[in-house]
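J.: have a look at this prediction, sequence included:
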Amino acid sequence: MTDLKLFMDTYDRFDSRIPTFTSTRDLEVFRLKYVEICEQEGVINLVTHAGAKDGIAFYLNMAADIGSVKRVNQRARLPYTETVEVDESAKDTLFAGCF
């Protein structure tokens, strides 16, 4: 089994390159397509959190490498921002509430 790393992307709705959605249904269709692309690229989408109130969307994905996540984003027509690998200490804090 390949070791997977945790990656995070952040998107701001005020970035004119970000797709806009006219309804919750449109957003859900996009999210389902995003997850499908993830599966095709060997990426596991853990969280797609849209903070509409704050105008921010966070994507947490697990993948073997950053290139896989970048391919998913490109295929989903998300603009390149910055994909970052979440380090070990951040993972402990991130998932602490799960136990």
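T.: Thanks, I have the structure now.

J.: could I get stretch 79-90 in CSV with only the CA atoms?
T.: Listed next in CSV are the C-alpha coordinates belonging to stretch 79-90 (Å, rounded to 0.1, in the frame of the first residue of the first chain):
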residue,chain,number,x,y,z
PRO,A,79,-7.4,27.7,-10.6
TYR,A,80,-3.9,27.1,-9.2
THR,A,81,-3.6,28.6,-5.8
GLU,A,82,-1.3,26.9,-3.4
THR,A,83,-1.6,23.2,-2.4
VAL,A,84,0.2,22.6,0.8
GLU,A,85,1.2,19.4,2.6
VAL,A,86,-0.1,19.3,6.1
ASP,A,87,2.7,18.3,8.5
GLU,A,88,2.5,15.7,11.2
SER,A,89,1.8,18.1,14.1
ALA,A,90,-1.0,19.8,12.3
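
J.: mind listing what's buried along that stretch?
T.: Buried residues in stretch 79-90, counting neighbours by 16 or more other Cβ atoms under 10 Å, are found at 83, 86. The C-beta positions use only the backbone N, C-alpha and C, and glycine is treated the same way.

J.: repeat that for stretch 6-14.
T.: By neighbour count on 16+ other Cβ under 10 Å, the buried set for stretch 6-14 is 6, 7, 8, 9, 11, 13.

J.: need these in a markdown table (columns: distance to residue 39, pLDDT and secondary structure).
T.: Output for those, formatted as a markdown table (distance: Cβ to Cβ, whole Å; pLDDT from 0 to 100; DSSP: H, G, I helix; E, B strand; the rest coil):
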| residue | distance to residue 39 | pLDDT | secondary structure |
| --- | --- | --- | --- |
| 6 | 17 | 91 | strand |
| 7 | 16 | 93 | strand |
| 8 | 19 | 90 | strand |
| 9 | 17 | 88 | strand |
| 11 | 21 | 81 | strand |
| 13 | 26 | 74 | coil |
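
J.: mind checking what secondary structure the residue nearest the centre of the chain has?
T.: Nearest to the mean C-alpha position of the chain, by Cα atoms, centre = their mean, lies residue 59 at 2.3 Å. With DSSP: H, G, I helix; E, B strand; the rest coil as the basis, residue 59 sits in strand.

J.: renumber starting at 219 from here on
T.: Yep, numbering from 219; the last one is residue 277 now.
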